[in-house]
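A.B. asks: Give the three-dimensional model of this entry:
(chains A and B)
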Amino acid sequence: MSKRLKVLGFGLLLFGITVYSLFPFYWAVISSFKPSSDLFSTTLKLWPIPWTWEHYKNVFLAANFGRNLLNSLAVAGGTTLVALSLGSFAAYALGRLPLHGKNVLLYLVLAMTMFPQIAVLSGLFVLLRGLGLFNTHPGLILSYLLFTLPFTVWVMTQYFRTLPRELEEAAYVDGASPLMAFWRILLPLTGPGLVTTGLLAFIAAWNEFLFALTFTVGDKVRTVPVAIAFFGGASPYEVPWGSIMAASVVVTVPLVVLVFVFQHRIVAGLTAGAIKE
Amino acid sequence: MISTAQKRLAWLFVLPTLAAVALVAFYPLSQVFRYAFTDAWLSGTSSPQWVGLQNFRDLLQDPDFLASVRNTLFFTVVSVSLEAVLGMAIALALHASFPGRGLLRAAVLVPWAIPTVVSAQMWKWMLHDIYGVVNLIGTKIGLLSHKVAWIAQPGTAMASIIVVDVWKTTPFVVLMLLAGLQMIPRELYEAAKVDGASAWQQFRKITFPLLRPILLVTLVFRTLDALRVFDVIYVMTGGGNQTESMALYNRRVLVDFQELGYGSAISIAILLIISVFVVIYLYLMRRGVYE
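C.D. replies: Model (predicted):
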């Protein structure tokens, strides 16, 4: 009997954890489908009946949200690509090749993650303006390297180190150059590492707010987080909560899918720096 | 020789990354240090004058800055403590084996993946004074005697921000602690059971001491993040109702007031405050190693 009670208690605890984690997202989905009359009502309705596409139509037709989505895709995709290519070359050198002061370099790169973004905000602002990159996609991508490149280098270096030495040696015996050994043999083997770091870089860039807010003007380059923060700035009395929730659901669904599909990869990447086996 | 070719290649491969690091981190930072000692404006035509330590002297007298430091420290201490306790509880629960554990672990990770701005908006709607689900449920089950304007008054505004931040970042703590729990050898618990140790004793004598290093690392990450909090406050209150953080005030001075010199001095001050925390944590970790 007491054992059964224990199981029941544990089940309740797990249920509570699930509700706590998912309810806000659930509520956003429900709200995004409620007609405005139900949305702005003081009767509690946990289910969207009747339901409507109205808010989704508003988001894409009235607001410039499609443009914001494309901007986010371009910026997050571009950041991921640049960080992965720069980062895996550097990681190969740091993990596999003879290089003086390797550890100093590695820690120099890692020190960047300790940089608060706000601390370089003014310097980056002036830099981007000077380079003519203010309010451009390349400008945002460049600034996002500040927080994507360090962990890309760090995690990829760990991956390169785990690959067996014999692989390259066999390639050298066959007359391959170090570049060929990297390109043909080692890089393909780090596939899982590339997926992990790529995912984390993409999510970080997709979610970034401070730089996107400060280095863009208007909808030309503005990304999704800034757009969502600014929804309904027109009048404080008429905040379009339905549209905000619809937009929130649109940007969150791909992330939730990524989490469920790549859970293990994401966890491996996030814990890579902190846990040494 | 392969070895010289390798050395040359190594430098060739590292160079682009070093160049990027120099361009987006070290160069801007050096500029921030330079501006901090001038009266430069963000969109000024007049050439900036060297003012020495004047900006820093002004900072110590600036009530808005001092308030932002207080708010940030309060936010950091409360939210990181709550995340540690809650994260530990959830990690221990999810470490047990039960059907559907993988799915539940993924579900717990969801708040981490949601952009901070979006999670702030979701909660802001849930906390809406008239139509918010928190007020609707709270008054219905009698937890609240009347509806509360959570975000519109000091105290509850900061509390709301902390709730959102804890919701969003506890998953990170959970997954770090879960990774740590997986590394504790099962035999230790079996031996403890044989010796008749209670669950609480097992936690106190085995789990907690062995988790300490990773808990500390996690708290370092979380503290550094919390000290630079920006997104969640910007969306929830815009810094009103005594919730302005250091980062928010810094951006206000830089962008809204266009004070490049003074704003850069604030950035340096934030860096200094954060490095104090880094030093404290490094000390704690070192002590943990030699204990």
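A.B. asks: OK, now which residue of the stretch 101-250 of chain A is nearest to chain B?
C.D. replies: Of all residues in the stretch 101-250 of chain A, A:Gly123 sits closest to chain B, at 2.8 Å by CB to the nearest CB. Just so you know, the C-beta spots here come from the backbone N, C-alpha and C atoms, and that holds for glycine as well.
A.B. asks: What sits closest to B:Ile206 if chain neighbours are left out?
C.D. replies: Closest residue to B:Ile206 apart from its sequence neighbours, by CB to CB, 6 or more residues apart in numbering or on different chains: B:Leu188 at 5.1 Å.
A.B. asks: Please compute how far the helix or strand the one you found falls within lies from its chain's middle.
C.D. replies: For B:Leu188, the host element (DSSP states H and E) is helix B:186-194. Taking CA atoms, centre = their mean, to the nearest Å, one finds the center of helix B:186-194 at 36 Å from the center of the full chain.
A.B. asks: is any part of the helix or strand following that helix close to chain A?
C.D. replies: Per DSSP H and E, the first helix or strand lying C-terminal to helix B:186-194 is helix B:199-202. No. Judged by CB under 8 Å from any CB of the partner chain, helix B:199-202 stays clear of chain A, getting no closer than 11.0 Å.
A.B. asks: Quick one: list the elements packing against helix B:199-202.
C.D. replies: Using 3 or more CB pairs under 8 Å, 6 or more residues apart in numbering or on different chains; DSSP states H and E, the elements in contact with helix B:199-202 are helix B:186-194.
A.B. asks: Now for B:Glu190, how many residues are close by?
C.D. replies: 10 (other CB atoms under 10 Å in any protein chain shown).
A.B. asks: Could you check how far it is from B:Ile184?
C.D. replies: In this view, B:Glu190 and B:Ile184 are 12 Å apart by CB to CB, to the nearest Å.
A.B. asks: tell me the pLDDT at the nearest residue to B:Val117 once chain neighbours are set aside?
C.D. replies: Leaving out its chain neighbours, the residue that sits closest to B:Val117 by CB to CB, 6+ apart is A:Pro225, at 4.1 Å. Looking at A:Pro225, its pLDDT stands at 95.
A.B. asks: Contact partners for A:Pro225?
C.D. replies: A:Ser72, A:Asn207, A:Glu208, A:Phe209, A:Ala212, A:Val251, B:Pro115, B:Thr116, B:Val117, B:Val118, B:Asp231 (CB atoms under 8 Å, 6 or more residues apart in numbering or on different chains).
A.B. asks: Columns pLDDT on top of the residues you listed, output as JSON lines?
C.D. replies: Converted to JSON lines, the contacts of A:Pro225 look like this (pLDDT from 0 to 100):
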{"residue": "A:Ser72", "pLDDT": "95"}
{"residue": "A:Asn207", "pLDDT": "93"}
{"residue": "A:Glu208", "pLDDT": "96"}
{"residue": "A:Phe209", "pLDDT": "96"}
{"residue": "A:Ala212", "pLDDT": "96"}
{"residue": "A:Val251", "pLDDT": "92"}
{"residue": "B:Pro115", "pLDDT": "94"}
{"residue": "B:Thr116", "pLDDT": "95"}
{"residue": "B:Val117", "pLDDT": "96"}
{"residue": "B:Val118", "pLDDT": "96"}
{"residue": "B:Asp231", "pLDDT": "96"}
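A.B. asks: Just the ones in helices from the residues you listed, please.
C.D. replies: Using DSSP state H, the subset of those located in helices is A:Ser72, A:Asn207, A:Ala212, A:Val251, B:Thr116, B:Val117, B:Val118, B:Asp231.
A.B. asks: Can you tell me which of the residues you listed is closest to B:Leu104?
C.D. replies: Of all the ones in helices among the contacts of A:Pro225, B:Leu104 sits closest to B:Val118, with 22.3 Å by CB to CB.
A.B. asks: Can you report how many residues lie near the closest one?
C.D. replies: 30.
A.B. asks: unless I'm mixing things up, it is touching A:Val250, no?
C.D. replies: No. Under the criterion of CB atoms under 8 Å, B:Val118 is not in contact with A:Val250, lying 9.8 Å apart.
A.B. asks: most centrally placed residue in chain A?
C.D. replies: A:Ile203 (0.9 Å; CA atoms, centre = their mean).
A.B. asks: correct me, but that residue touches B:Thr116?
C.D. replies: No. Counting by CB under 8 Å, A:Ile203 does not reach B:Thr116; the two are 11.6 Å apart.
A.B. asks: Can you tell me how far whichever residue of chain B sits closest to chain A is from B:Leu136?
C.D. replies: Nearest residue of chain B to chain A: B:Pro28, at 2.8 Å (CB to the nearest CB). Distance of B:Pro28 to B:Leu136, computed by CB to CB: 47 Å.
A.B. asks: So if I had to pick from these two, which one is more boxed in?
C.D. replies: For B:Pro28 versus B:Leu136, neighbours defined as other CB under 10 Å are more numerous around B:Pro28 (25 against 20).
A.B. asks: coming back round to it: can you tell me which of the contacts of A:Pro225 lies closest to A:Phe60?
C.D. replies: A:Phe60 lies nearest to A:Val251 out of the contacts of A:Pro225, by CB to CB, at 12.7 Å.
A.B. asks: show me the contacts for the closest one.
C.D. replies: A:Leu69, A:Ser72, A:Trp206, A:Val224, A:Pro225, A:Ile228, B:Pro115, B:Val118.
A.B. asks: do the same with B:Leu224
C.D. replies: A:Met114, A:Pro116, B:Ile274, B:Phe277, B:Val278.
A.B. asks: want to try JSON lines for these, with neighbour count, distance to A:Ile30 and pLDDT as columns?
C.D. replies: Compiled in JSON lines, the contacts of B:Leu224 are given as follows (neighbours: other CB atoms under 10 Å in any protein chain shown; distance: CB to CB, whole Å; pLDDT from 0 to 100):
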{"residue": "A:Met114", "neighbour count": "15", "distance to A:Ile30": "40", "pLDDT": "70"}
{"residue": "A:Pro116", "neighbour count": "21", "distance to A:Ile30": "36", "pLDDT": "83"}
{"residue": "B:Ile274", "neighbour count": "19", "distance to A:Ile30": "40", "pLDDT": "91"}
{"residue": "B:Phe277", "neighbour count": "16", "distance to A:Ile30": "40", "pLDDT": "89"}
{"residue": "B:Val278", "neighbour count": "14", "distance to A:Ile30": "43", "pLDDT": "85"}
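A.B. asks: Filter those residues down to the ones in helices?
C.D. replies: Secondary structure defined by DSSP H assigns B:Ile274, B:Phe277, B:Val278 of the contacts of B:Leu224 to helices.
A.B. asks: filter those by proximity to chain A?
C.D. replies: On the criterion CB under 8 Å from any CB, B:Ile274, B:Val278 are the entries of the ones in helices among the contacts of B:Leu224 that sit beside chain A.
A.B. asks: and which of the ones in helices among the contacts of B:Leu224 is nearest A:Ile17?
C.D. replies: Using CB to CB, the ones in helices among the contacts of B:Leu224 come closest to A:Ile17 at B:Phe277, 29.8 Å.
A.B. asks: which SSE is the closest residue to A:Trp241 other than its chain neighbours in?
C.D. replies: Spatial nearest neighbour of A:Trp241, excluding adjacent residues (CB to CB, 6+ apart): B:Trp125 at 5.2 Å. Using DSSP H and E, B:Trp125 maps to helix B:116-126.
A.B. asks: For the stretch 51-200 of chain A, give me the ranges with low pLDDT.
C.D. replies: Across the stretch 51-200 of chain A, the ranges flagged by pLDDT under 70 are A:113.
A.B. asks: before we move on, back to that, quick one: which of the contacts of A:Val251 is the most crowded by neighbours?
C.D. replies: Taking other CB under 10 Å as the neighbour criterion, B:Val118 ranks highest of the contacts of A:Val251 with 30 neighbours.
A.B. asks: check contacts around the residue nearest to that one when sequence neighbours are not counted.
C.D. replies: In space, and not counting its chain neighbours, B:Val118 is closest to A:Ser248: 4.5 Å by CB to CB, 6+ apart. Contact partners of A:Ser248, counting by CB under 8 Å, 6+ apart, are A:Ala28, A:Ser32, A:Ile228, B:Val118, B:Gln121, B:Met122.
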